[in-house]
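Peer 1: Sequence first, then the predicted structure:
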Amino acid sequence: MSVYRPSVARETGTSRRRAALLAGCAATVLFTMTACGGGGTGGTTNKDGFAQAAQNDGAFTVWVDATRMDAAKLYKASHPGVKMDIVSYDGDANGSNYLQTKVQLFNRTGKGWPDVVFSSQNNEASWAVDAGFAAPLNKGLIPQATLGGFAKGANDVCTVDGTLYCLRNDLSQAVLWYNAPLLKKFGYAVPTTWEEYQALGEKVAKEHPGYLVGDAGDSFTPEIYLWASKCGANHITGPKAVSVNTTSEACTKMAKLLDVLIKNKSMSITGVFSTDFAKNKADKVLLMPGPAWYGGAVFKDGLKTPAKQIAVAPIPQWQGDSSPSTGNVGGGTWLLSKHSAHIKAATDFLKWVTTDNAYQGEKAPGFPAYAPAAENWLKAQAASGYYASDLTALKDASSQVWSEWGSGQFSQEAIWAATVKPGLTQGKTIESLLPAWQDSIVKYAKSNGYKVSQ
Amino acid sequence: MTLTHSSADSARGRPRGTSRQSRAGVAFVAGYTLLLLAFGVLPTCYAIYFAFTDAGGTFTGFSNFVTTAQDFRFVDSLGHVALYLVFWLLSLVVFVVVLALLLHRLSAGPVSQALRFLYYIPGALAGAASVLVWLFMLDPTVSPVSSLLETLGFHTFGEVIAPGNLALLFTIIAFWTGAGGWIVVMYGALNNIPKDVMEAARIDGANGWQTAWRVQIPMLRKWIVYMVILAFAGGAQLFVEPQLLSLASTGVAGRDYSLNQLTYDFAFQMNNINGAAAVSVELLVVSLSVAGVFVARSGFFDAD
């Protein structure tokens, strides 16, 4: 029998390894405490509603997505003396959450924040204020006269407790897109009420099967139909408070309407951005409720619908409803960092990019949230020759977005996509899925720290 | 005289060789050790520190663990990962071993070499890229195998990614990417089985099946255990597949599917770094425990 005896050398090795590990942990703890300390550097000045870092004349940094790159480049070209660095990122598209992720990291390192940033989402204020990133804009930085020029309700998504923390880039109010030549050929009139809309869908299913009066397959489906219907699924009542009621009359009525049209196949559930829709349904669109950006992004660029076919009408309303309402899908926002050391230059850019006609009125792909620029934008769209009607409905709808559907920190689109869409795919009705939708919204809201009332 | 000389030579030779070998070994290991400390040990200590403190640096005991476990997605994601691991580990052990054995029977011919290369090449695609390839494969509208998908009853992408299919889909994606390397490793391990053992088995009348089952597979045990340990750790950290699927389906499937996605959400969506660290530490503890069990029960470090 042999007994293993650790040698002195081995014991020493073990001791050395243990010591090294302890040293490593100690160093880690020290580093951690230093990082957590993260004291402010340099003096700050309280002005325009927040503590401002010492200012200097260096280049300010602006983050934009690919679509808004044109805006940043145009500003740089038309303001030769301005020093700015342009950084491209994904604009938080498709729920990527990139901006929030980066800001949390910058908060830990104490540097790296962009001075101005565009986001394609309109719920950034829900976290950017608590994160200490977004600067207040209506306490002196942006003149009230300018702020008053935005469409009614446009900047609601940027407002927390009466303070404005971002500026809306564009609006995405929902309207009723339709194929004018096709409608005429079939002898149909544009519906003005949801009841007429449903009746038309039923008629289309009988007389022209395969043609579509809408689509309910995207994650933003509820923001078109249910928001327009005044469904109380997402009423943000405070910075961290939400009222959720997905089974109210307004929700149920619209769910039933959608279910009828889905069942008779005059409404698709594949989603307008799916490969299937582009391949098999592009030339079958008769009517399509959808946001302002459908004209360019879906019909012109996505489905390649030829010119002089697509027209726009007001979104239908329920019979007897005296206050017209519509939904909204997206519409980006611009935020200014309260950490900026170039606030004057950054603010000038922010004001220009959201209001100036050179970009918003002439080049922007979306409906400007700033009303004077929107007037010019509509003229430019009409002059482009693509549409088969005037676009007055877009302007009217811009002030009709129902105000009781909010933009919380949790993503309503992600909840609908994960909770309702799989059920739809399996053949369930939207009405039968409303309770599960309620349950899911409540869970996500609470998980994100919201107080929920039902 | 001769004996003395021989002994003297031997004594002189051994110390020099031993010394040189020791120095070379230290040099080779040093680089790895530095990387291990910088990217393995220190981050682990950092995470452990965060897991037991709050945002202000105050010690909080198990508070972070309790809070995160109470999130409504925690149990679901635990179940998802557990189911995925069952599929993943079973498919890996069974198919990798079988394919390696079949390869080995092809001897050293060109067919075997070609197949080894073919099996290995999918692993050359970086993780995210291979997932994107699969997203195209799984969409009936654009897939090169759309007829197969149609035959299986899938007509739209939404049907393919129904919740009940996800564990199997992620297994297929992970297998395609990761199994090839393991097949090559197992093939190498099979080559290490002494020829005389194989000849003895044949002399005793064992056929191909019996040789595989009673000789080759038992002698592969340590390699299989090694594969399972690493695959378990990797599988428990499932992230890329569900995350990319979530983006590709605009949130329909794959969001909040795995524990690592929940960790990511705690860290960056909810600004709860401490909660994220707690879940990460749990994953680490589970993986280390499973590895420990496998090592202990398989005699992994016993000398043959």
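Peer 2: Looks like it arrived, so ask away. Residues are numbered from 1 along each chain as shown, chains lettered A, B, ... in the order given.

Peer 1: How many residues are close by the residue of the stretch 151-300 of chain A found nearest chain B?
Peer 2: Scanning the stretch 151-300 of chain A for proximity to chain B using Cβ to the nearest Cβ identifies A:Thr275 as nearest, at 4.0 Å. (Glycine included, C-beta is placed from N, CA and C.) Each residue near A:Thr275 was counted by other Cβ atoms under 10 Å in any protein chain shown, and the total is 17.

Peer 1: ditto for B:Leu132
Peer 2: Other residues close to B:Leu132 by other Cβ under 10 Å number 15.

Peer 1: ok, now A:Ile441?
Peer 2: The number of residues near A:Ile441, taken as other Cβ under 10 Å, comes to 25.

Peer 1: which ones are touching it?
Peer 2: Under the criterion of Cβ atoms under 8 Å, 6 or more residues apart in numbering or on different chains, the contact partners of A:Ile441 comprise A:233-234, A:242, A:244, A:246, A:410, A:412, A:415.

Peer 1: Report how many residues lie close to the nearest residue to B:Arg255 once chain neighbours are set aside.
Peer 2: The spatially closest residue to B:Arg255, leaving aside those adjacent along the chain, is B:Ser246, at 4.2 Å (Cβ to Cβ, 6 or more residues apart in numbering or on different chains). Burial of B:Ser246, expressed as a neighbour count using other Cβ under 10 Å, amounts to 23.

Peer 1: Helix, strand, or coil at the residue in chain B positioned nearest to chain A?
Peer 2: Each residue of chain B has a distance to chain A, by Cβ to the nearest Cβ, and the smallest belongs to B:Gly251, at 3.4 Å. In three-state terms, and counting by DSSP: H, G, I helix; E, B strand; the rest coil, B:Gly251 is coil.

Peer 1: Could you tell me which of the contacts of A:Ile441 are located in helices?
Peer 2: Cross-referencing the contacts of A:Ile441 against helices under DSSP state H gives A:412, A:415.

Peer 1: Quick check: the farthest pair among the contacts of A:Ile441?
Peer 2: By the measure Cβ to Cβ, A:Thr246 and A:Phe410 form the most distant pair in the contacts of A:Ile441, at 14.5 Å.

Peer 1: Between the two, tell me which one has more neighbours.
Peer 2: Ranked by neighbour count (other Cβ under 10 Å), A:Thr246 and A:Phe410 place A:Thr246 first, with 26 against 22.

Peer 1: isn't that one right up against A:Ser229?
Peer 2: No: using Cβ atoms under 8 Å as the test, A:Thr246 is too far from A:Ser229 to be in contact (11.5 Å).

Peer 1: give me the element the spatially most central residue of chain B is part of.
Peer 2: The structure's chain B has its C-alpha centroid closest to B:Ala231; by Cα atoms, centre = their mean the separation is 2.3 Å. B:Ala231 is located in helix B:221-236, with elements delineated by DSSP states H and E.

Peer 1: So what touches that helix?
Peer 2: By Cβ under 8 Å, 6+ apart, the surrounding residues in contact with helix B:221-236 are B:81, B:84-85, B:88-89, B:92-93, B:96-97, B:174, B:178, B:182, B:185-186, B:189, B:217, B:259, B:283, B:286-287, B:290-291, B:294-295, B:298, B:300.

Peer 1: Just the buried positions in that helix, please.
Peer 2: Applying a neighbour-count criterion of 16 or more other Cβ atoms under 10 Å in any protein chain shown, the buried positions in helix B:221-236 are B:222-229, B:231-233, B:235-236.

Peer 1: quick revisit: got the CA positions of the helix or strand hosting the residue nearest to B:Arg255 in CSV?
Peer 2: Taking DSSP H and E as the criterion, B:Ser246 maps to helix B:240-248. Presented in CSV, the C-alpha positions along helix B:240-248 are these (Å, rounded to 0.1, in the frame of the first residue of the first chain):
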residue,chain,number,x,y,z
VAL,B,240,-27.6,33.5,-30.0
GLU,B,241,-30.2,31.2,-31.6
PRO,B,242,-33.3,32.4,-29.7
GLN,B,243,-32.1,36.0,-29.8
LEU,B,244,-31.6,36.1,-33.6
LEU,B,245,-34.8,34.2,-34.1
SER,B,246,-36.6,36.7,-32.0
LEU,B,247,-35.3,39.6,-34.2
ALA,B,248,-36.0,37.7,-37.4
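
Peer 1: That one packs against which elements?
Peer 2: Packing contacts for helix B:240-248, counted by 3 or more Cβ pairs under 8 Å, 6 or more residues apart in numbering or on different chains; DSSP states H and E, involve helix B:127-137, helix B:166-191, helix B:259-264.

Peer 1: which one of the ones you listed has the most crowded surroundings?
Peer 2: Ranked by mean neighbour count, these are led by helix B:259-264 with a mean of 22 (mean count of other Cβ atoms under 10 Å in any protein chain shown).

Peer 1: mind listing what residue 116 touches?
Peer 2: Going with chain A. Remark: with contacts taken as Cβ under 8 Å, 6+ apart, A:Val116 is in contact with A:60-63, A:334-337, A:340, A:346, A:349-350.

Peer 1: try again with chain B
Peer 2: Shown in contact with B:Arg116 (Cβ under 8 Å, 6+ apart): B:103, B:183-184, B:187.

Peer 1: again, only this time at 7 Å
Peer 2: For B:Arg116, the contacting residues are B:103, B:184, B:187, by Cβ atoms under 7 Å, 6 or more residues apart in numbering or on different chains.

Peer 1: Same list, the contacts of A:Ile441, but only the ones touching chain B.
Peer 2: Restricting the contacts of A:Ile441 to those touching chain B (Cβ under 7 Å from any Cβ of the partner chain) yields no residues.

Peer 1: just the contacts of A:Ile441 now: which is nearest A:Lys451?
Peer 2: Distances from A:Lys451 to the contacts of A:Ile441, taken as Cβ to Cβ, are shortest for A:Val242 (7.5 Å).

Peer 1: how many other residues sit next to that closest one?
Peer 2: Counted with other Cβ under 10 Å, the burial measure for A:Val242 works out to 25 neighbours.

Peer 1: Next: B:Leu115.
Peer 2: By the other Cβ under 10 Å criterion, the neighbourhood of B:Leu115 contains 17 residues.
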